[in-house]
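[1] next come a sequence and a model predicted from it.
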Amino acid sequence: MDIVVDAYATHQPVLLYAVGRTDKPVLELGSGNNSTVQIHDMLKDSGIKILPVDDNLEWMNKYIHLRSPMHEFIHLNDHQVKLYYKEDTTQWGVVFVDNGTWDARSTAVLRYKDTADFVVVHDCNYPADNGLFGKSIKPFDFANNSFGVRNYDDVFKYWIEFMPERWIPTHPPTLLGSNKICLDDVEIEGMIISCRSNILK
């Protein structure tokens, strides 16, 4: 499987790392070119359930051909998805957070942080920089190609923020977080660790 790291796919190596280390269902909050097909290809013969949930029906329908008993799709608007979070009792192996609004993303992280084995968050700098979850310690310094520093101790016991090796300022970071599984030894090919929980403690 080809891994394409561009401005829209900086999460892909981190997401596929997490998916490759679970035998539990995968919740994909926001379907997309750089996640839905790749998760499907990875798990299609595994017996592991995949559930993309999307607020954009037109976008979701691009991938509906992948539907099967083990790969369902749900269309929910922003209000409905918050109700879904409250009622959901599934023990997810991976929750991938890349859905429509920042409010919905933050709600998802706070909802699943203690129940999912892994939570993967694309564009994780925005919530930290804007007080939704996490904390911005030092902002990006685009003039000097500095990643900046963020801390996510308010949501995860173990966390790592990744950047692609060939980083440019338009490439957002991806967060891998867990309150169940220690991530101290995690390294992912093609990715640089910009900050992690055990470094900041």
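    Received it, and whenever you're ready, just let me know what you need.
[2] pull the number of nearby residues for Ser68.
    11 (other CB atoms under 10 Å). The way it works is simple: take the backbone N, C-alpha and C, and place the C-beta from them, glycine included.
[3] look up the closest residue to it, ignoring the ones flanking it.
    Using CB to CB, 6 or more residues apart in numbering and skipping residues adjacent in sequence, the residue nearest Ser68 is Lys44, 7.8 Å away.
[4] what's the burial count for that neighbour?
    14.
[5] got it, and Val81?
    Neighbours of Val81 (other CB under 10 Å): 22.
[6] so, low pLDDT: which residues of the protein?
    The chain contains residues with pLDDT under 70 at 1-7, 141-146, 168-170, 199-201.
[7] and stretch 126-139, how far apart are its ends?
    Using CA to CA, to the nearest Å, one end of stretch 126-139 lies 11 Å from the other.
[8] can you map out the strands along the protein?
    Secondary structure of the chain (DSSP state E): strands at 26-29, 50-54, 74-75, 94-97, 118-122, 135-138, 149-151, 158-164, 174-178, 191-196.
[9] just to revisit the earlier point, contacts only, for the residue nearest to Ser68.
    Going by CB atoms under 8 Å, 6 or more residues apart in numbering, Lys44 touches Ser68, Met70, His71.
[10] who is the first one paired with across the strands?
    The reference is to Ser68. Beta-bridge partners recorded for Ser68 (DSSP bridges): His71.
[11] distance-wise, check it relative to Leu43.
    11 Å (CB to CB, to the nearest Å).
[12] wait, Leu183 sits on Leu176?
    Yes - contact between Leu183 and Leu176 holds when scored by CB atoms under 8 Å: they sit 6.4 Å apart.
[13] okay, now the nearest residue to His75 once chain neighbours are set aside: neighbour count?
    Leaving aside its sequence neighbours, His75 sits nearest to Leu57 (CB to CB, 6+ apart; 4.9 Å). Leu57: 12 surrounding residues under other CB under 10 Å.
[14] try the one 10 residues further on
    Neighbours of Arg67 under the rule other CB under 10 Å: 12.
[15] check contacts around it.
    Phe73.
[16] make 6 the starting number, not 1.
    New numbering, starting at 6: the last item is Arg72.
[17] so the spatially closest residue to Ser51 that is not a sequence neighbour versus Gly98, what's the distance?
    Closest residue to Ser51 apart from its sequence neighbours, by CB to CB, 6+ apart: Asp28 at 7.8 Å. From Asp28 across to Gly98, the span is 7 Å (CB to CB).
[18] and what of Met75?
    From Met75 to Gly98 the distance is 13 Å (CB to CB).
[19] those two: which is more packed in?
    Taking other CB under 10 Å, Met75 and Gly98 do not tie; Gly98 has more neighbours (19 against 16).
[20] list the contacts of the more buried one.
    Ala23, Val24, Thr27, Asp28, Lys29, Pro30, Val31, Ile53, Ala121, Asp122, Phe123.
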